[in-house]
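Colleague: Got a predicted structure here, sequence first:
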Amino acid sequence: MLPRGTRRWLAPSFTLTAASGTFGRVSLVCAGKRRGREERPSVLRTSCQPLRSSSPREQQKPQLAPRSCALTSASRLPRRVATAGASARISLSGRRPMAGATKAGEKAILDAWHSFGKFIGAHMAPIAVACVVAACAFPAQLSHLAPAVPWLFALVSFQGALTNKLRNLAQAVGRPIPMLLTIAFASGVMPVVAFLLAKALFGSNMHLVTGIVLEYSVPVAAISTMWISMFGGNVAEGLATLMVSSVLAPVTIPATLQVLLGHAVHVDAGPMMLNVILTVALPAVLGMGLNDVTHGWAARSLSPGLMPAARVAIVLVIASNATSAAPYLTHLTPQLVGVLVFILLFASTGYLAGLALARLAGQDVPGTVSMVFQCGMRNISCGAVIAAQFFPPAVMFPVVAGTLFQQVLAATYGKLMGHILGVRPDAPALGDALPATSAPTAPEAH
């Protein structure tokens, strides 16, 4: 133990020696690393240690970095990791606005797509008028759409049925009273009243009388299910009514023409039923089944996405079907103009009668919508085929005249029901039934 005075005298020397040794060791090691030296002394020279040579065995030993340099590197590592993390965060933050902008752009496109479909549904009446005018002005060009009509109707049927369920169809079959009332009115009452009025107004031309009776003897229009779907009607009930009406057509049409006009005709129901099955029934059942399997996902997501495409398909079908009436409008006479006015007014009474009949039957809003459209709409293509096969060409004019007014009247009365019943285009189905479909035959004229 040195005396206190000696220790006080030696302390500055030891402190300076230790500091210089440590600083020198760090400097030499770092400089050696920079020069890429392969050999360096295992013990660095300090002011207190003389330089001595290493033995070969000692030179072969792996050299360890000085503790001070290791500590320096270790202290820098967290800083480097933090710097790299900050750079990554800055890079990601720069990309987030782009991803958000992409999602916002996709949402804007979807909103515009849905708004386009809703615009068509809300303005279907003037659009239908424009389609009829265009079909009469450009029949040759728009007639090229005819081969696509079955596929367009299948799309409309499938899209509308996505919001329905198979149990709704079973319930409609289990409650047949509304269905039977609609068929009895459409296939029984309407032809008789049409015959009496046509006989009184156009009795001098029996060809026109025959055409008018044939116009209202045909079954319910397949396209009626489209309008039922659009205005939130009971599509299951409409689909059941359409199928039964088509099945009974081989009996009701010949019986009506034989009793009222004395004409014997034969109706081949095979092609008509096949067409109804492929363009209406099968797509509708597939849509209902998909909605059941996906537990409502099809109704919530898929149906709204397909809705605008289905509305465009409806417009194309109206334009295509209206071309069949164009050749008969080139040589109009006062009597033929009177026939057009009669068809317009009498077809309007069908919708009004359907509304009154639904009220008398105590139908709810969806059931009322279904009965209104199916009491007012006819499968005109079926009547056109029968007129071409069994009657003179003059009989065809009253039949195809309905093509000019049927879709326009459907859109007009759909808007009227919006004021009376509170329904609107593309409204969700009320009650237990959900909006569904439509689709007629390939050449169906409306």
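Modeller: Looks like it arrived, so ask away.

Colleague: And the next helix or strand past the helix or strand containing residue 227?
Modeller: When elements are assigned from DSSP states H and E, residue 227 belongs to helix 224-230. Once helix 224-230 ends, the next helix or strand along the chain (criterion: DSSP H and E) is helix 235-261.

Colleague: tell me what that next one is packed against?
Modeller: helix 166-174, helix 177-184, helix 190-202, helix 206-215, helix 224-230, helix 269-276, helix 365-376, helix 380-390 (3 or more C-beta pairs under 8 Å, 6 or more residues apart in numbering; DSSP states H and E). (C-beta placed from N, C-alpha, C; glycine too.)

Colleague: So which of these is nearest residue 151?
Modeller: helix 269-276 (12.4 Å; C-beta to C-beta).

Colleague: Any regions of the stretch 101-250 of the chain where pLDDT drops low?
Modeller: Counting by pLDDT under 70, the stretch 101-250 of the chain shows low-confidence ranges at 101.

Colleague: count of residues packed around the closest residue to residue 402 other than its chain neighbours?
Modeller: Setting aside the residues directly before and after it, residue 402 is nearest to residue 380 in space (C-beta to C-beta, 6 or more residues apart in numbering), at 5.2 Å. Using other C-beta atoms under 10 Å, residue 380 has 28 other residues around it.

Colleague: Was I right to think residue 380 contacts residue 216?
Modeller: No: using C-beta atoms under 8 Å, residue 380 is not in contact with residue 216, being 10.5 Å away.

Colleague: can I assume residue 290 is in contact with residue 298?
Modeller: Yes: using C-beta under 8 Å, residue 290 makes contact with residue 298 at a distance of 4.8 Å.

Colleague: anything in contact with each of these two?
Modeller: residue 162 (C-beta atoms under 8 Å, 6 or more residues apart in numbering).

Colleague: Now name the helix or strand holding the residue positioned nearest the centre of the chain.
Modeller: The centre of the chain sits closest to residue 306, judged by C-alpha atoms, centre = their mean, with a distance of 1.2 Å. Secondary structure from DSSP H and E places residue 306 in helix 303-322.

Colleague: List the buried residues of the helix or strand following that helix.
Modeller: Toward the C-terminus, helix 303-322 is succeeded by helix 334-360 as the next helix or strand (DSSP H and E). Buried positions in helix 334-360, judged by neighbour count with 16 or more other C-beta atoms under 10 Å: 336, 339-340, 342-343, 346-347, 350-351, 353-355, 357-358.

Colleague: In three-state terms, label residue 164 for me.
Modeller: Under DSSP: H, G, I helix; E, B strand; the rest coil, the three-state class of residue 164 is coil.

Colleague: how close does it get to residue 255?
Modeller: Distance check for residue 164 against residue 255: by C-beta to C-beta, to the nearest Å, it reads 33 Å.

Colleague: Residue 176 now?
Modeller: 21 Å.

Colleague: So for residue 164 and residue 255, which sits in the more crowded spot?
Modeller: More crowded of residue 164 and residue 255, by other C-beta under 10 Å: residue 164, with 30 against 15.

Colleague: For residue 170, see how far away the more buried one is.
Modeller: From residue 164 to residue 170 the distance is 12 Å (C-beta to C-beta).

Colleague: And for residue 162?
Modeller: 18 Å.

Colleague: who has more neighbours, these two?
Modeller: Under the neighbour definition other C-beta under 10 Å, residue 162 and residue 170 were set side by side, and residue 162 has more, 31 against 11.

Colleague: Return the residues in contact with the more buried one.
Modeller: By C-beta under 8 Å, 6+ apart, the neighbours of residue 162 are 287-288, 290-291, 298-299, 302-303, 306, 436.

Colleague: and what of residue 325?
Modeller: Counting by C-beta under 8 Å, 6+ apart, residue 325 has contacts 135-136, 400-401, 403-404, 445.

Colleague: if I look at it, how far off is residue 131?
Modeller: Counting by C-beta to C-beta - residue 325 and residue 131 are separated by 12 Å.

Colleague: again, but for residue 192
Modeller: Taking C-beta to C-beta, one finds residue 192 at 32 Å from residue 131.

Colleague: ok, now residue 346?
Modeller: Taking C-beta to C-beta, one finds residue 346 at 22 Å from residue 131.

Colleague: swap in residue 387?
Modeller: In terms of C-beta to C-beta, residue 387 sits 23 Å off from residue 131.
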